[in-house]
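Undergrad: Sequence plus predicted model, see below.
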Amino acid sequence: MSKLNIKPLADRVVIEAKASETKTASGIYIPDSAKEKPQEGKVVAVGKGTKDEPTTVKVGDTVLYGKYAGSELKLGGKDYLIMRESDILAII
C-alpha cells in the first residue's frame, strides 16, 4: 500500500474498492456492462472523527459499505471512494 497524499476531514474515510468479479463460480466471464459495483474495500485514510464520536475504523481495515455510498475520486491513477464513517456497514 503506497502513501496516500490525502487527509480526510472529520468522520470521512477513504476506501480503495475491491476489484469486481470477472468470472462466476462456474467459470462464465462477466462482461463490464453486467458487473455489479463492489461493496467491499480496504480503508486507506481516516479522518480524526468529530468531538462527540471518534472514528472506529483504522487504516488497513477491510469494510463493507452501501452500494451507492460515498463519492468517487481518482488520485494517482487509482480510483477511491470517500464517505462518512456512518456509511460503512461492517468491518470484516
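TA: Okay, I see it.

Undergrad: Contact partners for the nearest residue to Leu73 once chain neighbours are set aside?
TA: In this structure, Leu73 finds its nearest non-sequential neighbour in Tyr80, 5.3 Å apart by C-beta to C-beta, 6 or more residues apart in numbering. C-beta: built from backbone N, CA, C; applies to glycine. Under the criterion of C-beta atoms under 8 Å, 6 or more residues apart in numbering, the neighbours of Tyr80 are Val14, Ile15, Glu16, Ala17, Val44, Glu72, Leu73, Lys74.

Undergrad: Among these, which ones are in strands?
TA: Assignment to strands by DSSP state E places the following of these there: Val14, Ile15, Glu16, Ala17, Val44, Glu72, Leu73, Lys74.

Undergrad: and the second one, how far is that from Ser71?
TA: To tie it back to what came earlier, the one meant is Ile15. Distance, Ile15 to Ser71, by C-beta to C-beta, to the nearest Å: 11 Å.

Undergrad: Okay, and the beta partners of the residue nearest the centre of the chain?
TA: The geometric centre of the chain, computed from its C-alpha atoms, lies nearest to Ile15 (C-alpha atoms, centre = their mean), at 2.9 Å. When bridges are called by DSSP bridges, Ile15 pairs up with Val43, Leu81.
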